[in-house]
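Participant: Show me the folded form of this:
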Amino acid sequence: MAAPVTVIVAYDPKFYEKLPKLFPHNPDATSWFTSNDALAATTAFRNGTLQGAYLIIAARALGLDTGGMSGFDNDKVDEEFLRPYGWRSNFLVNLGHGDWSGVFPRSPRLDFDEACVML
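Facilitator: Numbers count the residues shown, from 1 in each chain. Okay, here's the model as predicted:
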């Protein structure tokens, strides 16, 4: 609640409508998604998540602290902030300079072989 900025990382379920401008070298790309609702939904959510991750990396590179959050009421956030655009919220990111006196140490991480499989 004390973060100077909270970003709503969202995605556009109809992102494919922008493909003629953003992906002009393949004029058929829009049809990939208009003919497959599941592919469009998965692609929109995944790419929105990746863009949010890039935001966090860029903010950290600029020296900002970041705090990603899920577990909020997406429907309320969408209604309050995103409905006019047709977008949907994915997660929130608090940006600012944290007060390290109230932050607990970094939690343990899994070892590489516990989290990854080499194929």
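Participant: Could you find the closest non-adjacent residue to F72?
Facilitator: Computed as Cβ to Cβ, 6 or more residues apart in numbering, the closest residue to F72 that is not its neighbour in sequence is L92, at 6.3 Å. C-beta coordinates here come from the backbone N, C-alpha and C atoms, glycine included.
Participant: Quick check: that neighbour touching T66?
Facilitator: No - between L92 and T66 there is no contact under Cβ atoms under 8 Å: 10.6 Å.
Participant: So between the two, which is more surrounded?
Facilitator: L92 (20 against 17; other Cβ atoms under 10 Å).
Participant: any residues in contact with both of L92 and T66?
Facilitator: Listed as contacting both L92 and T66 by Cβ atoms under 8 Å, 6 or more residues apart in numbering is no residue at all.
Participant: Quick check on the residue nearest to F72: phi, psi?
Facilitator: Torsion angles at L92 (phi, psi; degrees, to the nearest 10) stand at phi -110, psi 150.
Participant: For it, give me its contacts.
Facilitator: 6-9, 68-70, 72, 77.
Participant: Tell me how many other residues crowd P24.
Facilitator: Neighbours of P24 (other Cβ under 10 Å): 9.
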